[in-house]
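Engineer: Fold the following.
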Amino acid sequence: MSKILLFPIVIFFFISSNYLHAQGDVNDGEKNEPEVKYPQYQLKGLLQARYLESFGDNVDVLGVHHSTGDVTQQSFDIKRMRVGLNTKLSEATEVVILVNLADFKSDTKGKVLENAYGKYTFSKYIALTGGQFRPAFGLEELVPVDIIKSFDFSNQYYEFGKNGWTSFQIGASATGSFDIGKIPVNYAVSVLNGNGKNVEMDKDNGKQYSTRWVFELSKEHKINLGLNGGFGKVFKEDVFAIGADITSDFKLTDRVTFDLQIEYKQGTNHNLYFSLPAENRVGDVSNYQMRGVYFLPNLRYVVNYKKLTAFELSCRYETFDPSYKVNSNVRQTYTPMISLEFGKAYTGRIEMGFEIDRFDRNIPDTSTYNDELFLIQLQLRL
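Structural biologist: Purely as a prediction, here's the structure:
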């Protein structure tokens with residue numbers, strides 16, 4: 001089945017390559033434009049520094065319950081200190097590197113290096129990416145963490161990352177865009193190890209195959225529908241993942257806009273299944289399935305007063321169950337947040353709010369425990 005999926009990509013690759021080569025021959029006689037010099041470099045950076053205070057009973061700032069009562073409930077923290085370099089080797093070729101220096105504050109195994117990939121763009125219809133990157137599988141994978149409308153990504157994003165579908169993965173991907181009638185469409189097809197980032201080799205001979213399709217239903221209100229699907233094998237067991245999401249952005253007045261994000265995901269939680277001792281597993285891997293949905297409304301008011309650019313108010317609600325068929329324990333998370341933006345494109349940002357967790361069942365001395373975490377976050381990006 002995997003070979004069948006890869007075959008049209010290879011064919012498309014050669015068709016696009018031959019077309020571009022022929023187009024170059026046609027343009028040889030045209031007037032030469034000013035030469036663009038390569039390589040070109042773009043340095044990027046991100047700092048997210050936080051003050052955290054937990055109001056949960058005997059729950060520390062990392063969300064872990066301590067029955068002994070010896071708890072750190074107030075702390076300053078550096079969530080991210082990213083440094084990235086984007087290099088364009090030619091008009092079509094780029095190399096991207098991204099590291100998170102904040103990972104040095106703990107065990108660095110499997111951390112620090114985030115993006116490390118090369119990309120070659122043949123045309124708007126197809127581009128090939130290989131290395132370590134965030135594969136397109138859901139709404140959040142296409143949005144940098146520094147411009148999301150909340151403090152961090154959702155619970156489902158990180159859980160699907162542990163299962164090899166989202167977050168930073170090693171593999172290859174084909175992406176592009178085209179039109180179906182008057183509807184613009186973006187697509188992505190990925191083949192991944194499914195191990196997560198910075199792993200020396202695949203944990204087995206199985207691969208995970210995923211795809212994402214985004215349909216622009218309304219350009220005026222920026223209404224986009226995203227559909228995701230994936231399948232694969234992990235230790236010879238069949239796994240799958242599906243998802244759907246919709247976004248919209250309405251301009252209420254010249255200064256006020258309202259945008260909404262809704263995303264649903266469901267899939268095999270093989271990471272949980274294989275982490276359990278064999279005698280504690282209930283049935284096969286198909287019994288361990290996760291699912292979740294979140295709603296993220298955001299109201300933005302453009303101020304443009306001195307250095308203050310805009311004021312934003314958001315509140316994400318998420319419900320997520322890591323195993324809804326066996327030992328179900330739904331986690332509901334509320335994340336109200338106020339944000340002040342300074343400069344353009346979140347160059348500077350001050351955020352304040354809460355992350356409130358409620359579980360169907362509390363499990364003492366674990367992170368599966370009710371909590372209320374207060375945050376103040378300073379964000380600076382270049």
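Engineer: those helices in the stretch 1-150 of the chain, which residues are they?
Structural biologist: 2-26 (DSSP state H, counting those that start in this stretch).
Engineer: Residue ranges in it under the pLDDT threshold?
Structural biologist: Low-confidence segments of the stretch 1-150 of the chain, defined by pLDDT under 70: 1-34.
Engineer: change it to 90
Structural biologist: By pLDDT under 90, the low-scoring segments of the stretch 1-150 of the chain are 1-36, 68-70, 106-110, 141-148.
Engineer: now stretch 335-351: mean pLDDT?
Structural biologist: For stretch 335-351, mean pLDDT rounds to 94.
Engineer: hmm, who's touching it?
Structural biologist: By C-beta atoms under 8 Å, 6 or more residues apart in numbering, the residues outside stretch 335-351 that reach it are 146-147, 149-151, 307-318, 352-356, 375-382. Quick note: C-beta positions are derived from backbone N, CA and C, even for glycine.
Engineer: Make a PyMOL selection of whichever of the residues you listed turn out to be buried.
Structural biologist: Buried residues among the contacts of stretch 335-351 (16 or more other C-beta atoms under 10 Å), as a PyMOL selection:
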select buried, resi 146+149+150+151+309+310+311+312+314+315+316+318+353+354+355+356+375+377+379+380+381
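Engineer: Which ones among the contacts of stretch 335-351 lie within strands?
Structural biologist: Counting by DSSP state E, the part of the contacts of stretch 335-351 found in strands is 308-318, 352-356, 375-381.
Engineer: so how far is stretch 328-335 off the chain centroid?
Structural biologist: Taking C-alpha atoms, centre = their mean, to the nearest Å, one finds stretch 328-335 lying 19 Å from the centre of the chain it belongs to.
Engineer: Nearest residue to the middle of this protein?
Structural biologist: For the chain, the residue nearest the mean C-alpha position is E141 (2.8 Å; C-alpha atoms, centre = their mean).
Engineer: could you list every residue that touches it?
Structural biologist: With C-beta under 8 Å, 6+ apart, E141 has these contacts: R134, P135, Y157, T166, S167, R212.
Engineer: Recalculate using a threshold of 6 Å.
Structural biologist: For E141, the contacting residues are R134, T166, by C-beta atoms under 6 Å, 6 or more residues apart in numbering.
Engineer: Report the buried residues of stretch 80-97.
Structural biologist: R80, M81, R82, G84, N86, K88, E94, V95, V96, I97.
Engineer: Can you tell me what sits against it?
Structural biologist: Counting by C-beta under 6 Å, 6+ apart, 38-48, 98-102, 115-121 sit against stretch 80-97.
Engineer: Kindly recompute the last result at 7 Å.
Structural biologist: 38-48, 98-102, 115-122 (C-beta atoms under 7 Å, 6 or more residues apart in numbering).
Engineer: And stretch 38-45, by the same measure?
Structural biologist: R82, V83, G84, L85, N86, T87, K88, L89, S90, R381, L382.
Engineer: Repeat the analysis, applying 8 Å as the threshold.
Structural biologist: 82-91, 98, 381-382.
Engineer: want to throw those into a markdown table with distance to L217?
Structural biologist: As requested, the contacts of stretch 38-45 are exported to a markdown table (distance: C-beta to C-beta, whole Å):
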| residue | distance to L217 |
| --- | --- |
| R82 | 33 |
| V83 | 37 |
| G84 | 32 |
| L85 | 36 |
| N86 | 31 |
| T87 | 36 |
| K88 | 33 |
| L89 | 36 |
| S90 | 35 |
| E91 | 32 |
| L98 | 32 |
| R381 | 30 |
| L382 | 34 |
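Engineer: Keep only those of these that are in strands.
Structural biologist: Using DSSP E, the contacts of stretch 38-45 in strands are R82, V83, G84, L85, N86, T87, K88, L98, R381.
Engineer: Where does the prediction get shaky in the stretch 201-350 of the chain?
Structural biologist: Applying pLDDT under 90 to the stretch 201-350 of the chain picks out residues 203, 205, 306, 344-346.
Engineer: For N100, which non-adjacent residue is spatially closest?
Structural biologist: R82 (5.1 Å; C-beta to C-beta, 6 or more residues apart in numbering).
Engineer: Who is the one you found paired with across the strands?
Structural biologist: Here R82 shows beta-bridge partners L46, N100, assigned using DSSP bridges.
Engineer: same question, K265
Structural biologist: The partner residues for K265, given DSSP bridges, come to G243, G292.
Engineer: Roughly how far does the nearest residue to F342 once chain neighbours are set aside sit from L382?
Structural biologist: Spatial nearest neighbour of F342, excluding adjacent residues (C-beta to C-beta, 6+ apart): G348 at 3.5 Å. The gap separating G348 from L382 is 10 Å, by C-beta to C-beta, to the nearest Å.
Engineer: and if you look at E220?
Structural biologist: Taking C-beta to C-beta, one finds E220 at 32 Å from L382.
Engineer: Check for me that V214 belongs to a strand.
Structural biologist: Yes: counting by DSSP: H, G, I helix; E, B strand; the rest coil, one finds V214 located in a strand.
Engineer: Pull the contacting residues for it.
Structural biologist: Applying C-beta under 8 Å, 6+ apart, we find V214 in contact with V185, N186, Y187, N224, L225, G226, L227.
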